[in-house]
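Asks: I'd like to go over a predicted model; first the sequence, then the structure.
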Amino acid sequence: MNAGKSTSLLQSAYNYQERGMSTKLYTAAIDDRYGKGKISSRIGLSEEASTFASETDFWLETLKSVGEHPINCIFIDEAQFLLKAQVLQLARVCDELNVPVLCYGLRSDYQGEPFEGSVYLLVLADKLSEIKTVCHCGRKATMVLRVNSEGQPDTEGEQIEIGGDSRYVSVCRRHFFEAKRV
């Protein structure tokens, strides 16, 4: 959260498009904070995107698209919401269709547990790049807390709850565990 993942994704996609290359952008269908099928950054950049859900087959969609016109790169926002099968499909897109796939997402949820998509992206990715953000103490923030309306950490609930800065706070590991002990 608050590391600039969507901003970085949109900048990279723009770089391809500026050179006349074709890109395909995806975002999670469940994330409708800025409108369905829209990737938006906190600094005001946004772009229309296709949505993915549990039934999305990236291999078949890309195979069909490549048959109609070449795709030079695929960008996935909110990649933590991918399923294992979808990560495998995207790996196949890279390996067999030679289309680069850049995924942007979180490693873990508000409980410190990994997302399914994140686990398999960490295992299968050719390259990992961390986009850093900062905890209130100045240390690198690697964890995220879900907070209630009083700003207190939530300790129970569903793994996935869409929300922004008012619901989630990026913190360092130390402050994550301190908040969980309270």
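Replies: Sure, I can see it. Residues are numbered from 1 along each chain as shown.
Asks: Domain map for this structure?
Replies: What automatic domain parsing lists as the domains of the chain is 5-132, 134-181.
Asks: How far does the shortest one stretch from one end to the other?
Replies: Taking C-alpha to C-alpha, to the nearest Å, the span from the opening residue of domain 134-181 to its closing residue is 21 Å.
Asks: By mean pLDDT, point me to the weakest helix or strand of the chain.
Replies: For the chain, scoring each helix and strand by mean pLDDT, DSSP states H and E identifies strand 38-40 as the least confident one, at a mean of 84.
Asks: re the thing from before, what would the domains of the chain look like in TSV with mean neighbour count?
Replies: In this view, the C-beta of every residue, glycine as well, is placed from N, C-alpha and C. Listed next are the domains of the chain as TSV, based on neighbours: other C-beta atoms under 10 Å:
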stretch	mean neighbour count
domain 5-132	17
domain 134-181	14
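Asks: sorry, back to before: report all helices and strands that the least confident helix or strand of the chain contacts.
Replies: With contacts defined as 3 or more C-beta pairs under 8 Å, 6 or more residues apart in numbering; DSSP states H and E, the packing partners of strand 38-40 are helix 5-18, strand 23-28, strand 46-48.
Asks: Adding mean pLDDT as columns, could you present the ones you listed in TSV?
Replies: Listed next are those as TSV, based on pLDDT from 0 to 100:
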stretch	mean pLDDT
helix 5-18	93
strand 23-28	95
strand 46-48	86
